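>>> Sequence below, structure please.
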Amino acid sequence: QQQFLGCALAQFDSHSDDDGHRNTPSVFNTKELPETDEIPTINESADQNMYADETTESESIPINDEDLEEFFLSVLQLSGLPRFTNHAEERANMTDGEKAAALSDMFGKYCNVDIQKSKRTRRDLDPESIAFLVKRMRDEIERVPAHNRTALIEAQEKCGEEEFSDERLERFLRCEKMDAQFAAIRFVRYWQKRRELFGPEKFTDCMSIDGALCDDVIAIEKGWMQLLPKLDASGRQLMYLEPARHDKEGYTSKSLLRAAWYVIEVASRSNKDIDSGVVQLVWGENSTVWDYDHYLHKQINEFESTCWPCRFDCFHCLSDTKFLFRIFRPIVSALQSKESRARTVWHSNVPGCGILPVLSEYGITGDMVPTELGGTIHLNPSEWVAHRRAIEMEEV
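Coordinates of the predicted model:
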C-alpha cells in the first residue's frame, strides 16, 4: 500500500491542466505506462535534474485542497481500505440537540447561552440526586454477571477504597451523561481493559510512576502526550499531543499506550471540577506517515469512548500546513466515534499570525499553550516525571 501510494503521488504530481490546477489522474491508466516488463535503468544525475525542474515548476502551481483530499480518499479506497465518512453529510444528518451539544463542548463557556442550557451533561445536580445515581450505579454493577466482571472483583479485593469511592464513580457517571446503567458498564470495562493492558500482576498496583508504570518511564518521558499546567477559560484540562515524538526508540507501542493511560488518570484525578472535560491539542507539524501508529490510535479512541473516566470535550488538530492533515484526516476520522468526529476541529496556520488566533476563539490563549504553538509554556517531560514522582511519594 505504501508503494502504491508513492506511485500515485508521483503520478498526481506530474499532472496539471492549462489553468495551473492539478488534475486527479486515473491511477490505473495503462496508456501512460510503457508496454514492457523491463525495469528501466536510472540515470542518477538526470533523475536529480528532473526533480529539481519539477520542484521549481510546482512552486507556481496552486493546489486545490478539496480535489487533493478527494484524490487521497480515492487512493486509500483503491488500496483496499474502506471509504471513510463524509463529514458534511454526517453533520447535516445531526439533530439540533446533537449539534448544540457538540458546539457547547467545543466552545465551552464561550458558546451560546441557550446551547449551554440545553446540554444534559452540564446540569446542576444537587448532592442528593448525585448520591442516588451513584447508589443506582453500584446496583447496576452488581447486576453484571460475575464472569463478566472478574477484573473488577479482583480489583475490589486488592485495591484501596479510593478506586471505588463515590467521587470516583461520579466521574464515570459524568462520562455517560448521568446514565447509571451505561456508567456501570463503562466502569466494568475500565477494569477489564486495565487488566489487559497492564497485565494480571500490575493492574491492581497504584497508578503511579513507581507502581504500575515502573517499566514505562521511557515512554512517559517521550512527551508524546502531556498535560498542560493551565486550564482553559472554561476550566477544562488542556492536553498536548505531538505525534512526531513517537520515535519508537527504547519502548513499545503498548508501553506508550500505558503512558497515555497514566496521563489520563492524572488528568481525571487532578482537576477538582468533576464535570469538566478534557480539551486535546494535537500538533501535527514535523509529523510524517511513519509517525502514525494504527494500534496506538485505535486503542486510544476505543478507551476514550468506552472506558476512560475522563470525557474529551474537543480535539483541536493543528498544523502549519494543510497538506499532511489532508492525508491523515480521513484515517483518523475512521477510527473516531461519531460523537468525537463532531467535536474535532482541524486548524492550519493563519499566514502572518500563527495558530493562536484560531485557538483564542475557543478560550485558549498563549499563556496556556506550549512554545511549539506560539505560547509561553516550555515543556520538559523529564521534569514533569520528577514532579509527579515527588507528588506520588508525598501521597504515599
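>>> Helix or strand: which one has Gln226?
According to DSSP states H and E, Gln226 maps onto strand 225-231.
>>> What pairs with that strand, parallel or antiparallel?
Strand pairing for strand 225-231, determined by DSSP bridges: strand 237-241 (antiparallel).
>>> So what touches the strand it pairs with?
224-228, 230-232, 263, 267, 270-271, 276-283, 364, 368-370, 379 (Cβ atoms under 8 Å, 6 or more residues apart in numbering). (C-beta placed from N, C-alpha, C; glycine too.)
>>> Restrict these to the buried ones and give me that as a PyMOL selection.
Entered in PyMOL, the line below selects the buried ones among those, by 16 or more other Cβ atoms under 10 Å:
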select buried, resi 224+225+226+227+228+231+232+263+267+271+276+277+278+279+280+281+282+283+364+368+369+370+379
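>>> Let me see the ranges of the helices in the stretch 201-350 of the chain.
217-221, 253-270, 294-306, 323-335, 338-342 (DSSP state H, counting those that start in this stretch).
>>> Lowest average pLDDT across those?
With a mean of 69, helix 323-335 has the lowest mean pLDDT of the helices of the stretch 201-350 of the chain.
>>> Look up how far Ile218 lies from the nearest residue to Arg245 once chain neighbours are set aside.
Closest residue in space to Arg245, ignoring its immediate chain neighbours: Trp224 at 4.7 Å, by Cβ to Cβ, 6 or more residues apart in numbering. Going from Trp224 to Ile218 by Cβ to Cβ, to the nearest Å gives 11 Å.
>>> Isn't the residue nearest to Arg245 up against Arg258?
No: under the criterion of Cβ atoms under 8 Å, Trp224 makes no contact with Arg258, lying 11.7 Å away.
>>> ok, back up a step: what separation do you get for the residue nearest to Arg245 and Leu296?
Distance from Trp224 to Leu296, by Cβ to Cβ: 9 Å.
>>> swap in Gly199?
18 Å.
>>> With neighbour numbers in mind, choose between those two.
For Gly199 versus Leu296, the count of surrounding residues by other Cβ atoms under 10 Å is larger for Leu296: 17 against 12.
>>> Now do the contacts for that one.
Leu296 is in contact with 246, 253, 256-257, 260, counting by Cβ under 8 Å, 6+ apart.
>>> can you do 6 Å?
By Cβ atoms under 6 Å, 6 or more residues apart in numbering, the contact set of Leu296 is 253, 257.
>>> Any figure for the gap between it and Val266?
19 Å.
>>> and what of Glu98?
Counting by Cβ to Cβ - Glu98 and Val266 are separated by 30 Å.
>>> repeat for Val289
Val289 is 30 Å from Val266, by Cβ to Cβ.
>>> go on, Ser129?
Taken as Cβ to Cβ, the span from Ser129 to Val266 is 29 Å.
>>> Neighbour count for these two, which is higher?
Per other Cβ under 10 Å, whichever of Ser129 and Val266 has more neighbours is Val266, with 19 against 12.
>>> Name the residues linked to the nearest residue to that one once chain neighbours are set aside by a beta bridge.
Spatially, and ignoring its direct neighbours in sequence, Val266 is nearest to Leu227 (6.2 Å; Cβ to Cβ, 6+ apart). Beta-bridge partners of Leu227, counted by DSSP bridges, are Met239.
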